[in-house]
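In: no FASTA, just this:
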């Protein structure tokens, strides 16, 4: 069993920064692609960013390109999401996820088999 635990959310003002963390514990023998998704109030879950198992490839949603950066620390088995220049539209619950074995970077949530519980990010104007 694998557990993903997000942290780092909070209430900030527009223009501020936050760094989210997603730590993986449990049966983590395989290194896999990871991703972040978010769900805003009254909206569908949407893809934010994905990073390959090697860390060498990333894919960002257009809405966050140039503002968000994903990275991973293999020693800590943790993925980070650095969010800069936050906007009120970034307000959402952010979820990290682990891709299925053999899957590379992907925007498709069905290709992720483990999810965290989510962390709330609220950006005030």
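Out: That came through fine. Not measured: the values here are computed from a predicted model.
In: got the residue ranges for the strands in the chain?
Out: Under the criterion DSSP state E, strands of the chain are mapped to 2-7, 10-13, 18-26, 34-39, 45-51, 58-60, 68-73, 78-83, 92-99, 112-115, 119-124.
In: Identify the residues contacting the residue nearest the centre of the chain.
Out: Centroid-nearest residue in the chain: residue 36, 2.4 Å away (criterion: C-alpha atoms, centre = their mean). Neighbouring residues of residue 36 by C-beta atoms under 8 Å, 6 or more residues apart in numbering: 20, 22, 48, 49, 50, 70, 79, 81, 94, 95, 96, 97. Any C-beta I mention is one placed from the backbone N, CA and C, and that applies to glycine too.
In: if we go to 6 Å?
Out: Residues in contact with residue 36 (C-beta atoms under 6 Å, 6 or more residues apart in numbering) are 48, 49, 81, 96.
In: One more: residue 96?
Out: By C-beta under 6 Å, 6+ apart, the residues touching residue 96 are 4, 6, 22, 36, 116.
In: Beta-bridge partners for it, please?
Out: Residues in a beta bridge with residue 96, per DSSP bridges, are residue 36.
In: one step back: want to throw the strands of the chain into a markdown table with mean pLDDT and distance to residue 106?
Out: Shown next, in a markdown table, are the strands of the chain (pLDDT from 0 to 100; distance: least, C-beta to C-beta, whole Å):
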| stretch | mean pLDDT | distance to residue 106 |
| --- | --- | --- |
| strand 2-7 | 94 | 16 |
| strand 10-13 | 98 | 28 |
| strand 18-26 | 94 | 16 |
| strand 34-39 | 98 | 7 |
| strand 45-51 | 98 | 6 |
| strand 58-60 | 98 | 8 |
| strand 68-73 | 97 | 14 |
| strand 78-83 | 97 | 15 |
| strand 92-99 | 97 | 6 |
| strand 112-115 | 96 | 8 |
| strand 119-124 | 98 | 22 |
